[in-house]
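Peer 1: starting from these lines, generate the structure:
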Amino acid sequence: MKTINIHKKQEVIHLDDNKYNIDVLGGWGVKLGEFSISLKNTKTEEVIRSKKAILSIQSFAHNQRAKKILTIDVPRKASYLVTFHNPETLIVKKSNLIVSSFFTKPLANENLAIYFYK
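Peer 2: From the prediction side, this is the model:
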């Protein structure tokens, strides 16, 4: 699945009915703040809201550090309009280690991206 910048407007993605994980790319030190995602079915106008991930698993994806931050249950296969709520409150640092967090600045918020996967 392709990556989507969290400040992008009017992004439409095609999803099957399934539970999807949502990772933020760039780092493992993540503070969600008030950040969330909703999907709106382009035909039925039904809106689905994301939930905070219970286990925030760290990995590598798209040649970057990635951390699972949200999950979303898609009830039916369709095209969905992605809406990002409060993207400016999402803070990502390269490392989640406390010591290195003191010495590093957060990644530029305007460059943060997410991606969906099963």
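
Peer 1: remind me what the worst-scoring helix or strand of the chain on mean pLDDT packs against, helices and strands.
Peer 2: None of the helices or strands of the chain scores lower by mean pLDDT, DSSP states H and E than helix 98-103, at a mean of 77. Counting contacts by 3 or more C-beta pairs under 8 Å, 6 or more residues apart in numbering; DSSP states H and E, helix 98-103 is packed against no other helix or strand. (Glycine included, C-beta is placed from N, CA and C.)

Peer 1: distance of residue 79 relative to residue 12?
Peer 2: The gap separating residue 79 from residue 12 is 5 Å, by C-beta to C-beta, to the nearest Å.

Peer 1: can you check which residues contact both of those two?
Peer 2: Counting by C-beta atoms under 8 Å, 6 or more residues apart in numbering, the residues touching both residue 79 and residue 12 are residue 42.

Peer 1: what residues are bridge-paired with the nearest residue to residue 81 once chain neighbours are set aside?
Peer 2: Nearest residue to residue 81 in three dimensions, chain neighbours excluded: residue 40, at 4.5 Å (C-beta to C-beta, 6 or more residues apart in numbering). Under DSSP bridges, the beta-bridge partners of residue 40 are residue 47, residue 81.
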